[in-house]
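Engineer: Prediction below, plus the sequence it came from.
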Amino acid sequence: MRFAVFVPVGPDPAEPGRLHSVTESLQAIIGSTGTLVLIDDAAAPRDLLSHVAWTPDETVVLKPPSGSSSAQPNDRMAASTLTFLRWLSTAPCEYALKLDTDSLVIGDFRPALEAAFQQPAIGVCGACERNTAAGELRDLTYWR
C-alpha cells in the first residue's frame with residue numbers, strides 16, 4: 001500500500017534539526033518507500049530538504065495559507081493539517097501517518113496500520129482515542 005508520512009515543521013529554529021532526527025529514524029526503519037510531506041510553518045523561507053535524512057519515493061514541501069504563521073499554535077497546527085489533507089485528497093496514497101519532529105520511529109508501523117485499515121469501520125487510528133492523563137478511552141461518540 002502507498003503511504004505518506006506527514007511532518008509539520010514549526011517555526012522554532014530547532015525544528016529543522018529535529019526534522020533530521022525523525023527522518024533519520026524513518027530511513028533506518030522504512031527504507032526508501034513512501035512519500036514524505038513536510039508542512040513548513042515558518043514565516044521566512046528556509047531549506048527544509050537539506051535537513052531530511054530519509055530518501056523516500058517522493059518528498060513534498062507545502063506551506064500553509066499566508067498569515068497562519070502568526071496565528072496561535074493550535075490554529076497553526078489546524079492550518080498545517082488542513083493543508084496536508086488538501087494534498088492527501090488528490091494523492092495516490094492509501095493512508096498517512098502524522099509524526100511530530102520530536103517523534104522517533106523504532107519499528108515498522110506499516111503492517112499494523114495496513115491491517116487496521118482493512119476494517120471498513122476504521123478511518124482514523126492513533127492516540128486520539130487514548131490521549132488522556134490516565135490513558136483511558138475518550139468518548140468520541142459525538143463524531144459518529
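Structural biologist: Cool, the structure landed. Numbering: from 1, shown residues only.
Engineer: Residues touching stretch 45-52, excluding its own?
Structural biologist: Stretch 45-52 is contacted from outside by 9, 16, 17, 19, 20, 23, 36, 38, 40, 59, 61, using Cβ atoms under 8 Å, 6 or more residues apart in numbering. (Glycine included, C-beta is placed from N, CA and C.)
Engineer: Ends of it, what's the gap?
Structural biologist: End-to-end span of stretch 45-52 (Cα to Cα, to the nearest Å): 16 Å.
Engineer: how far is it from where the chain is centred?
Structural biologist: Averaged C-alpha coordinates place stretch 45-52 at 16 Å from its chain's average position (Cα atoms, centre = their mean, to the nearest Å).
Engineer: What's the mean pLDDT across that stretch?
Structural biologist: In this model, stretch 45-52 has a mean pLDDT of 94.
Engineer: which of the residues in that stretch are buried?
Structural biologist: Residues 46, 48, 51, 52 are the ones in stretch 45-52 that count as buried (16 or more other Cβ atoms under 10 Å).
Engineer: Redo those as a markdown table? Include secondary structure and distance to residue 104.
Structural biologist: Shown next, in a markdown table, are these (DSSP: H, G, I helix; E, B strand; the rest coil; distance: Cβ to Cβ, whole Å):
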| residue | secondary structure | distance to residue 104 |
| --- | --- | --- |
| 46 | coil | 23 |
| 48 | helix | 19 |
| 51 | helix | 16 |
| 52 | coil | 16 |
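Engineer: Report how many residues lie close to residue 35.
Structural biologist: Neighbours of residue 35 under the rule other Cβ atoms under 10 Å: 20.
Engineer: wait, residue 141
Structural biologist: 6.
Engineer: Please apply the same query to residue 110.
Structural biologist: By other Cβ under 10 Å, 16 other residues sit near residue 110.
Engineer: Would you agree it is in contact with residue 3?
Structural biologist: Yes - using Cβ atoms under 8 Å, residue 110 is in contact with residue 3, at 6.7 Å.
Engineer: can you give me the helices for this protein?
Structural biologist: 15-30, 73-88, 110-116 (DSSP state H).
Engineer: Thanks a lot, catch you later.
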